[in-house]
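>>> Sequence plus the predicted model coming up.
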Amino acid sequence: MKTETKTALITGASSGIGEACARRFARGGWNLILLARREERIKTLATALASEYQVQVHGLSADVRRPQAAGMLLDYLSAHRLEVDLLVNNAGLAVGLEPIHEGFVDDWERMIDTNIKGLLYITRAISPLMVARKSGHIVNIGSIAGKENYPAGNVYSATKFAVDGLTKGMRIDLAPHGVKVTQVAPGAVETEFSLVRFKDDEKRADLVYQGFTPLRGEDVAEAVWFAANLPPHVNVNDLLLMPTAQPCATIIHRKT
Ligand code: NDP
Ligand code: 8X3
């Protein structure tokens, strides 16, 4: 029996967890729509995955902070007759690590606009299509920072607490329509995350992952893959995935 090829839309697919998800789902035979701001990266990845795994991959350059990006995405889906079975709301970032009284308003706005508003704009565009088809799955990438606070994590944590809350609310709203909603919330994952947080200070970023084995993007992608491939009657509501050496947000056991 031939099974229908599914399509995943992954935001923030140009690096880290999003790119690892793209690779995992392409390897699993899914068609992909990949979205990120860095056009060359996303197009190169799309071409490489399409050729390696013989799947359809669309690479789109867009900034999730702009509501127009969601409109552009809908136009693209309609023009190419694409249906989205899985939306992975992954695009996100931390900017800065200052205590609240020393924080930068511009940094706060970048995090709030990307991690909360960007997720909402894309969800608002895609979820009605899933509701109309009475099927679909949305996976939000949260964080241990959305479960527990840590020093100077303030606004980044608040955005991920918002993702945690939104995931629960979205699930309540979408369950009557047969649409699944899952949160995958990782601890420390070695990606470009710390480079972005520390504004390209490579030395400071490298220190974050020294002396222990952090998660890799592939580990998180495997969790998303697991959640996305369960039978229709089974949903993962929330999956907290930590490095073994990081039992909670504030403790990392490092070998010196
Ligand atoms: P990366 O910096 O490696 O990847 C972030 C991705 O998001 C990139 O592809 C980036 O692409 C994209 N992105 C950022 N801003 C925008 C935007 N405005 N519009 C579209 N795409 C955007 O970090 P991670 O892979 O680690 O981060 C992915 C998610 O995982 C984030 O939501 C993060 O909060 C979360 N997370 C990360 C953890 C970690 O320790 N690394 C732990 C827990 C959660 P581009 O720059 O090309 O737009
Ligand atoms: C990223 C993990 O602990 O650096 O969400 O906030 S942490």
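Nice, thanks for sending it over. Since the structure is predicted, the reported quantities are computational estimates derived from the model, not experimental observations. Ligands and ions are numbered 1, 2, ... in the order given.
>>> Now Phe144: closest residue in space, sequence neighbours ignored.
For the record, residue 144 is Ile, not Phe. When the adjacent residues along the chain are set aside, Ile144 lies closest to Gly187, with 4.4 Å between them (Cβ to Cβ, 6 or more residues apart in numbering). Just so you know, the C-beta spots here come from the backbone N, C-alpha and C atoms, and that holds for glycine as well.
>>> Same question for Gly178.
Lys134 (4.4 Å).
>>> OK, contacts around the one you found?
Lys134 makes contact with 177-179, according to Cβ atoms under 8 Å, 6 or more residues apart in numbering.
>>> Let me see the confidence value for the nearest residue to Leu230 once chain neighbours are set aside.
Excluding the flanking residues, the one nearest Leu230 by Cβ to Cβ, 6+ apart is Val236, at 6.9 Å. Predicted confidence (pLDDT) at Val236: the value is 98.
>>> Surely Val236 forms part of a helix?
No - according to DSSP: H, G, I helix; E, B strand; the rest coil, Val236 belongs to no helix; its state is coil.
>>> How many residues are close by it?
Residues lying near Val236 (other Cβ atoms under 10 Å) number 18.
>>> Hmm, Ala227 and it touching each other?
Yes - judged on Cβ atoms under 8 Å, Val236 makes contact with Ala227 at a distance of 4.1 Å.
>>> hang on, Ile126 packs against Leu87?
Yes - between Ile126 and Leu87 there is a contact at 5.0 Å, judged by Cβ under 8 Å.
>>> Show me what from the chain comes close to ligand 1.
11-18, 36-38, 41, 63-65, 90-93, 114, 118, 141, 143, 186, 188-189, 191-193, 196, 217 (Cβ under 6 Å from any ligand atom).
>>> Restricted to buried residues, select the residues you listed in ChimeraX.
ChimeraX command restricting these to the buried ones, with burial defined by 16 or more other Cβ atoms under 10 Å:
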select :11,12,13,14,15,16,17,18,36,37,41,64,65,90,91,92,93,114,118,141,143,186,188,189,191,193,196,217
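>>> of Ile126 and Leu87, who's got more company?
Applying other Cβ under 10 Å to Ile126 and Leu87 shows that Leu87 carries more neighbours, namely 27 against 22.
>>> pretty sure that one is in contact with Gly136, am I right?
Yes - between Leu87 and Gly136 there is a contact at 7.4 Å, judged by Cβ under 8 Å.
>>> if we can go back for a sec, could you count how many residues lie near the residue nearest to Ile144?
23.
>>> Look at it and report its pLDDT.
So, for Gly187, pLDDT stands at 98.
>>> So, low pLDDT: which residues of the stretch 101-250 of the chain?
Within the stretch 101-250 of the chain, no stretch has pLDDT under 70.
>>> what about the strands in it?
136-141, 179-186, 238-241 (DSSP state E, counting those that start in this stretch).
>>> is ligand 2 contacted by the first one?
This points to strand 136-141. No - using Cβ under 6 Å from any ligand atom, strand 136-141 stays clear of ligand 2, coming no nearer than 8.8 Å.
>>> Report the beta-bridge partners for the residue nearest to Gly142 when sequence neighbours are not counted.
Closest residue in space to Gly142, ignoring its immediate chain neighbours: Ala185 at 3.8 Å, by Cβ to Cβ, 6+ apart. Beta bridges link Ala185 to Leu240 when assigned by DSSP bridges.
>>> Might you enumerate the residues of the stretch 1-150 of the chain proximal to ligand 2?
Within the stretch 1-150 of the chain, the residues that sit near ligand 2 (Cβ under 6 Å from any ligand atom) are 143-145.
>>> neighbours of Arg27, just the number please.
The number of residues packed near Arg27 is 14, by other Cβ under 10 Å.
>>> ok, now which ones touch it?
Taking Cβ under 8 Å, 6+ apart, one finds Tyr53 in contact with Arg27.
>>> Spatially central residue (nearest the centroid) of this protein, please.
Asn90 (1.3 Å; Cα atoms, centre = their mean).
>>> Kindly provide the distance from that residue to Phe212.
For Asn90, the distance to Phe212 equals 24 Å [Cβ to Cβ, to the nearest Å].
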